[in-house]
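S.K.: Here is the input, now give the coordinates:
(2 chains)
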Amino acid sequence: MTILLVFAYILLILIGAFLLYMAFKTDDRRYIYAAVAFYVIFPVIVTLKLPITTSPEVKQLYDAVEALPDSSTVMLTFDYYPSTLAETEPMSHAALHHLFRKDCKVITMTTIPLGGPSIAERVTRKLAEEYNKVYGIDFVNLGYKANYVAVLKGMGTSIETIYPTDNSGTRLSEIPMMENIENYSDIDFIFVVADNSIVDYWISIVNAQYNNPVGTGVTAVMAPRYFAYISSGQMTGMLGGMKGAAEYETLLNKPAAANMGMTSQSLVHLFIIFSVIAGNIIFLTSKKGRDGKRT
Amino acid sequence: MSLVEYIQIWVIAFVTLSLFSFLYRDNPFYKLSEHIFAGLSAGYYFGLIWHAVILQQMIDPMFDNGKWWLFIPGILGVLMFSRFSRKYSWISRLSLAFVMGNTAGIFLLSELHGKVLPQMQSTMLSLGFENGLGSFLLALIVVVGVISTLTYFYFSKEHKGLLGGVARIGIWFIMISFGAHFGYTVMARISLLIGRVQFLYFDWIGSIINLFS
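M.R.: As a prediction, the model looks like this:
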């Protein structure tokens, strides 16, 4: 097995080096595309696994959810479009695993019209089935409502005013789980999974004005700007992109899609780092580079 | 697996591969998928807004619950269509004025209370050694980073001498921030590709294997 793994890694290096050499030689960027495709596809077909370590912000979020008393009420948002499913859906999966495992009452909602309501429905039903959770008693899907600022602000006064019915049209007053839930003061934790700036409003409206703890799962593009909120204590942990989702899955001991994708991720990153270094060395040792010309 | 699921998977696979084919060169399959996406999104969005906003939040409460005052935002919405006429486009400014005033009022408080003040507070760190050397160094980086970056964006005086030196340090902090953003962006884009590859391998090829086994 070890010999096979060594052989696989040597093969990876050789093919990457060959494609990079061809890209530099022919000046054709499609060789770079081919290399990236190869490094993504290879670990999916031949199961290669690299270790995953946990970042402090992911551990902080995990600990915050873990510290919730059993049967707490948690709001989980599906504020993302289908285009970022690869990053965000594993976060929702991991969050629901954790929440259902702790017997939390889960309220799901979305402020995204395109795909949000159906993703929330599909993911929640799937996980609920696995944990034998009953709709209306253990979880409720509020669905979509337009104008997110008004939605976020309005739920601070009354959730039922904003969402008179759930996603399937049942009145909230007829749902047993919602009997004692009036507004944010009845919600113990808010887990926002998002691919857009709605996260800012969960922080600046809900956390700042209603003091609800907010933990987030965001796409990797968004992650750097939200570290400031963790430092200031406004955000209780964060999952940044597929890596964050993979770390949460690891902490839960439920490796799934994100874990599976991380080896491809690491290999492509190594290839890009190597390409940047090689490109710079080739440029600096070329005549143009020696003359100090940039183009 | 049902027939509907097979069709779903094959349609998704076809559209995914058509879009990837652009990496080789522009082609009719790519164009077809692009147009399907644009048309489908517009149709879906229209249907959803009609149902979730116009029906659920205006017409139903008006007729079922007697909330007749909802005709006011309804009219404000209709006024926006005056933008299509050159002569009467000024009428749409009434709606825009309402939206702008409303938004400014909501955001003034939330931005100040939820962003500006807490973020300012979190940069006002103690530069003492009471929490150890590591804590001191981190606080020093934050303080130097904030001051030098703000100095870089001070344009009322030429960046020369001390001001220029501090601004140059600010550029370094900005560049490091751009680097972090770029690294994370690469990770995001690769994640999307991984998602598609996982779909093609497990769902699409899986469905083919399933079909013949």
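S.K.: What is the neighbour count of residue A:29?
M.R.: Residue A:29 sits with 10 neighbouring residues when counted by other Cβ atoms under 10 Å in any protein chain shown. C-betas here are computed from N, CA, C, even on glycine.
S.K.: again with the one 4 residues further on
M.R.: Burial measure for residue A:33: 15 neighbouring residues, criterion other Cβ under 10 Å.
S.K.: Run a quick check on it versus residue B:22, I expect a contact.
M.R.: No: between residue A:33 and residue B:22 there is no contact under Cβ atoms under 8 Å: 10.6 Å.
S.K.: For chain B, which segments count as helices?
M.R.: Assigned by DSSP state H, the helices in chain B fall at B:3-20, B:28-49, B:60-64, B:71-79, B:92-111, B:117-123, B:133-152, B:161-198, B:206-212.
S.K.: who touches the fifth one?
M.R.: Pointing back at helix B:92-111 there. Contact partners of helix B:92-111, identified using Cβ atoms under 8 Å, 6 or more residues apart in numbering or on different chains, comprise A:149, A:153, A:201, A:204-205, A:208-209, B:76-77, B:79-83.
S.K.: List buried residues within these.
M.R.: Neighbour counting by 16 or more other Cβ atoms under 10 Å in any protein chain shown classes A:149, A:153, A:201, A:204, A:205, A:208, A:209, B:76, B:79, B:82 among those as buried.
S.K.: Roughly how far does the closest residue in space to the last one that isn't next to it in sequence sit from chain A?
M.R.: Spelled out, that is residue B:82. Counting by Cβ to Cβ, 6 or more residues apart in numbering or on different chains, residue B:82 lies nearest to residue B:91, which is 4.1 Å off, once chain neighbours are set aside. Residue B:91 is 22 Å from chain A, where distance means Cβ to the nearest Cβ, to the nearest Å.
S.K.: Could you do residue B:85 as well?
M.R.: In this view, residue B:85 and chain A are 26 Å apart by Cβ to the nearest Cβ.
S.K.: what do you get for residue B:2?
M.R.: Noted for residue B:2: a distance of 15 Å to chain A, by Cβ to the nearest Cβ.
S.K.: Contacts only, for residue A:187.
M.R.: A:73, A:74, A:75, A:107, A:181, A:212.
S.K.: Is it possible to mark the buried ones in those residues?
M.R.: Neighbour-count burial (16+ other Cβ under 10 Å) applied to those gives A:73, A:74, A:75, A:107, A:181, A:212.
S.K.: ok, residue B:132 - how many residues close by?
M.R.: Using other Cβ under 10 Å, residue B:132 has 9 other residues around it.
S.K.: same thing with residue B:210?
M.R.: Residue B:210: 12 neighbours (other Cβ under 10 Å).
S.K.: which residues does it contact?
M.R.: residue B:1.
S.K.: And it, how far from residue B:2?
M.R.: Distance, residue B:210 to residue B:2, using Cβ to Cβ, to the nearest Å: 12 Å.
S.K.: right, is stretch B:168-177 up against chain A?
M.R.: Yes: for stretch B:168-177 and chain A, the contact criterion (Cβ under 8 Å from any Cβ of the partner chain) is met by residue B:177.
S.K.: count of residues packed around whatever residue of chain B ends up closest to chain A?
M.R.: Nearest residue of chain B to chain A: residue B:195, at 2.3 Å (Cβ to the nearest Cβ). Residue B:195 has 24 neighbours, counted by other Cβ under 10 Å.
S.K.: Need the pLDDT of it.
M.R.: With respect to pLDDT, residue B:195 has a value of 91.
S.K.: who touches the residue nearest to it when sequence neighbours are not counted in this structure?
M.R.: Nearest residue to residue B:195, sequence neighbours excluded (Cβ to Cβ, 6+ apart): residue A:86, at 2.3 Å. Contacts for residue A:86 (Cβ under 8 Å, 6+ apart) come out as A:242, A:257, A:261, B:191, B:192, B:194, B:195, B:196, B:198.
S.K.: 10 Å instead?
M.R.: If you count contacts by Cβ atoms under 10 Å, 6 or more residues apart in numbering or on different chains, residue A:86 has them with A:219, A:241-242, A:245, A:257-258, A:261, B:188, B:190-199.
S.K.: One more: residue A:56?
M.R.: Applying Cβ under 10 Å, 6+ apart to residue A:56 gives the contacts A:230, A:237, A:238.
S.K.: Mind checking which of the residues you listed are in strands?
M.R.: residue A:238 (DSSP state E).
S.K.: average model confidence for the longest helix seen in chain A?
M.R.: Secondary structure of chain A per DSSP H: the longest helix is helix A:257-285. What helix A:257-285 shows for mean pLDDT is 89.
S.K.: that older thread, please identify the deepest-packed of the helices of chain B.
M.R.: helix B:161-198 (a mean of 17; mean count of other Cβ atoms under 10 Å in any protein chain shown).
S.K.: Just list what that one packs against, helices and strands only.
M.R.: Contacts defined by 3 or more Cβ pairs under 10 Å, 6 or more residues apart in numbering or on different chains; DSSP states H and E place helix B:161-198 against helix A:30-45, helix A:85-101, helix A:223-231, strand A:238-240, helix A:241-252, helix A:257-285, helix B:3-20, helix B:133-152.
S.K.: For residue A:165, find the nearest of those.
M.R.: helix A:85-101 (22.4 Å; Cβ to Cβ).
S.K.: can you give me the angle that closest one makes with helix A:241-252?
M.R.: Going by axes from the mean of the first three to the mean of the last three Cα atoms, to 10 degrees, helix A:85-101 is angled at 20 degrees with respect to helix A:241-252.
S.K.: quick one, what contacts residue A:99?
M.R.: Shown in contact with residue A:99 (Cβ under 10 Å, 6+ apart): A:65, A:68, A:72, A:74, A:76, A:105-106, A:127, A:131, A:133, A:138-139, A:189, A:191.
S.K.: Give me the number of neighbouring residues for residue 21.
M.R.: Using chain A here. Applying other Cβ under 10 Å, we find 12 residues neighbouring residue A:21.
S.K.: You answered for a different chain; I wanted chain B.
M.R.: Using other Cβ under 10 Å, residue B:21 has 15 other residues around it.
S.K.: And it, how far from residue B:27?
M.R.: 6 Å.
S.K.: What of residue A:88?
M.R.: Counting by Cβ to Cβ, the gap from residue A:88 to residue B:27 is 30 Å.
S.K.: quick one: which of those two has more around it?
M.R.: Between residue A:88 and residue B:27, residue A:88 has the larger neighbour count (other Cβ under 10 Å), namely 28 against 11.
S.K.: Is it correct that that one is in contact with residue A:199?
M.R.: No: look at residue A:88 against residue A:199 with Cβ atoms under 10 Å: they stay out of range, at 11.8 Å.
S.K.: could you say which helix or strand contains residue A:11?
M.R.: Taking DSSP states H and E as the criterion, residue A:11 maps to helix A:2-26.
S.K.: hmm, that helix touching chain B?
M.R.: No: contact of helix A:2-26 with chain B (Cβ under 10 Å from any Cβ of the partner chain) is absent, the minimum separation being 13.7 Å.
S.K.: Phi, psi for the nearest residue to residue A:241 once chain neighbours are set aside please.
M.R.: Spatially, and ignoring its direct neighbours in sequence, residue A:241 is nearest to residue A:220 (2.8 Å; Cβ to Cβ, 6+ apart). Backbone geometry at residue A:220, expressed as degrees, to the nearest 10, gives phi -60, psi -30.
S.K.: give me the number of residues near residue A:220?
M.R.: For residue A:220, using other Cβ under 10 Å, the count is 26.
S.K.: where are the low-confidence patches of the stretch 151-295 of chain A?
M.R.: Applying pLDDT under 70 to the stretch 151-295 of chain A flags residues A:289-290, A:292-295.
S.K.: In contact with the closest residue to residue B:113 other than its chain neighbours, which residues are there?
M.R.: Distances taken as Cβ to Cβ, 6+ apart place residue A:208 nearest to residue B:113, at 5.2 Å, with adjacent residues excluded. Residue A:208 makes contact with A:201-202, A:214, A:234, B:109-115, B:117-118, according to Cβ under 10 Å, 6+ apart.
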